[in-house]
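**Q** This is the structure alone, sequence omitted:
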C-alpha cells in the first residue's frame, strides 16, 4: 500500500470541471398572439392587470403634461391617409414656413406657465434637409433654455442629423410606427416601414430618448393593433414615451369616412401598452376631444400617464387647458412638475 503521507507518493492531477457560463437571457419578446390574447381578456380583468403594473412602476401616479406646436405646417409630400398636412389631400391646410424663434419661445413659455413640462415641435417634412436641422437646433436650444424638456417630430432623420439635434439639447424625438407592418401599406406608401425603423435606430444611436406609438381606428383589425403593440414592445429598448392616438377623421383625407372606433377598444390598447411597456410614459394623444371625461378616466385607469396639453395638436383640435385641469382635479390626479433644464428625462 502506498503511504499517502510520504513525499514520494504519486501525485494525481485533478481537473476541475466548471459549469459553462450561461449566456445572458435574451430580452423578453412579445408575440403578436400574446398581445392579442391580452387585448381579448375580459375588460375588467385587463384593467386590473394594467393598473397593477402601473402602480408597481409609477407609484407617484402623476400625469405628464406635454404641449405640441406645429412649427412648420402643411405641404408635406407624404401620403399618410390620416394626415391633413399632406399636399396630396384637399383639407384646407395651407403650407406655411418655419416659425421664427421668438414665436416659438412665446408659445413654449405659455405652455410652461400653464403647467406643461415637455414641449414638442412638429414640422411637416418628409425628411428635413441639413439646413432645416440647423434652424431646428436654434429652436431646440431656445426652448431648452426655458427649463422645458424638448421633443421634435420632423420626419425621417439621417444619423448625423440626429447627432446635431442631440447636441442642441433635444431630449426626445417622436417618430410613430402608425400601425402594424402588415397593415402599413393600407395607410401610406410614400415611405416604408423600414424607413421608420431606420430613423428610430438613428435617434437611439445618437442618445436621444424615443417617443414612438401609433394610431388606432384606421380600419385595422384587432390583430393589427396587437401587431403594432408587439412592434413597439419589442424595440430594444422599447420607447420611453408611447403616444396612442385615436384617429381624428379629417374631411378631405382618405380616412375621413373610417368607421368610429369603439371607445372600449381604445382603452384596451392603452392597457396592453402599459402591460407590455411598464416603464414607458403611455400618452393619451389625438382624439381626446371626442372621448369625453369618462373614457379618458378609463384610459388613466388603464395606465395612461401622459397627455398632450393645450388647444391644438398640430392642426387638429384638443381639449383646452382649463378642461384638462378640471378633469384631472375631478380624478384626483396631479400634473408632473416642470423640471429645471439639465435634470435629465
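**A** Nice, thanks for sending it over. These figures come from a predicted structure and were not determined experimentally.

**Q** what pLDDT does the nearest residue to residue 261 once chain neighbours are set aside get?
**A** The spatially closest residue to residue 261, leaving aside those adjacent along the chain, is residue 217, at 3.4 Å (C-beta to C-beta, 6 or more residues apart in numbering). Yep, even glycine has a C-beta here, placed from its N, CA and C like the rest. Predicted confidence (pLDDT) for residue 217: 90.

**Q** do the same with residue 15
**A** Listed pLDDT for residue 15 reads 48.

**Q** do the same with residue 162
**A** Per the predicted model, pLDDT is 95 at residue 162.

**Q** And for residue 325?
**A** We note a pLDDT of 82 for residue 325 in this prediction.

**Q** and it, what helix or strand is that in?
**A** Following DSSP states H and E, one finds residue 325 within helix 321-331.

**Q** Show the residue spans covered by the helices in this structure.
**A** Defined through DSSP state H, the helices belonging to the chain, from first to last, are 32-39, 43-57, 101-113, 130-144, 159-168, 181-184, 193-205, 222-233, 263-276, 288-301, 321-331.

**Q** Which of the ones you listed sits closest to residue 254?
**A** Taking C-beta to C-beta, helix 181-184 is the member of the helices of the chain nearest to residue 254, at 14.0 Å.

**Q** Give me the distance from that closest one to the chain's centre.
**A** 18 Å (C-alpha atoms, centre = their mean, to the nearest Å).

**Q** Name the residues of that helix that come out as buried.
**A** By neighbour count on 16 or more other C-beta atoms under 10 Å, the buried set for helix 181-184 is 181, 183, 184.

**Q** what sits up against it?
**A** Contact partners of helix 181-184, identified using C-beta atoms under 8 Å, 6 or more residues apart in numbering, comprise 178, 193, 218, 220, 221, 224, 227, 231.

**Q** same for the strand ranked longest in the chain, what does it pack against?
**A** Here the longest strand in the chain is taken by residue count, with DSSP state E as the criterion, and it is strand 64-72. In terms of contact count using 3 or more C-beta pairs under 8 Å, 6 or more residues apart in numbering; DSSP states H and E, strand 64-72 is assigned the packing partners helix 101-113, strand 118-123, strand 281-284, strand 306-308, strand 312-313.

**Q** neighbouring contacts of the second one?
**A** Meaning strand 118-123. Outside strand 118-123, the residues that reach it (C-beta under 8 Å, 6+ apart) are 64-72, 98, 104, 108, 111-112, 132, 136, 139-140, 143, 146, 148-155, 171-172, 174, 211, 314.

**Q** Which neighbours in the sheet does it have, and how are they oriented?
**A** On the basis of DSSP bridges, the sheet neighbours of strand 118-123 come out as strand 64-72 (parallel), strand 149-153 (parallel).

**Q** State the mean pLDDT of the longest one.
**A** Averaged over strand 64-72, pLDDT sits at 87.

**Q** can you list contacts of it?
**A** With contact meaning C-beta under 8 Å, 6+ apart, strand 64-72 is reached by 96-99, 104, 107-108, 111, 114-125, 136, 139, 151, 281, 283, 305-310, 312-315, 324, 335-336.

**Q** quick one: residue 51 and residue 68, what's the gap?
**A** From residue 51 across to residue 68, the span is 27 Å (C-beta to C-beta, to the nearest Å).

**Q** Who has more neighbours out of the two?
**A** It is residue 68, of residue 51 and residue 68, that has more neighbours when counted by other C-beta atoms under 10 Å, with 25 against 17.

**Q** which non-adjacent residue is nearest the more buried one?
**A** Of all residues apart from its sequence neighbours, residue 120 sits closest to residue 68 (C-beta to C-beta, 6+ apart), at 4.5 Å.

**Q** What's the local residue count around that neighbour?
**A** Using other C-beta under 10 Å: residue 120 sits among 29 other residues.

**Q** Then residue 189?
**A** When counting by other C-beta under 10 Å, one arrives at 12 neighbours for residue 189.

**Q** Please name the bridge partners of the residue lying closest to residue 265 once chain neighbours are set aside.
**A** Closest residue to residue 265 apart from its sequence neighbours, by C-beta to C-beta, 6+ apart: residue 216 at 7.2 Å. According to DSSP bridges, residue 246 are recorded as the beta-bridge partners of residue 216.

**Q** repeat for residue 121
**A** Going by DSSP bridges, residue 121 is paired in beta bridges with residue 69, residue 152.

**Q** And stretch 263-282, what's buried?
**A** Counting neighbours by 16+ other C-beta under 10 Å, one finds that the buried residues in stretch 263-282 are 263, 266-278, 280-282.

**Q** what about residue 106, how many neighbours?
**A** Counted with other C-beta under 10 Å, the burial measure for residue 106 works out to 12 neighbours.

**Q** Give me the pLDDT value at it.
**A** At residue 106, the pLDDT value in this model is 90.

**Q** Equivalent analysis for residue 189, please.
**A** Residue 189 is assigned 83 on the pLDDT scale.

**Q** Angles on the backbone of it, please.
**A** phi -130, psi 10 (degrees, to the nearest 10).

**Q** measure it to residue 56 for me?
**A** Plainly put, residue 189 is 41 Å away from residue 56 if you go by C-beta to C-beta.

**Q** still on that earlier bit, which of the buried residues of helix 181-184 lies closest to residue 207?
**A** residue 181 (26.5 Å).

**Q** residues near the residue nearest to residue 261, how many?
**A** Burial measure for residue 217: 25 neighbouring residues, criterion other C-beta under 10 Å.
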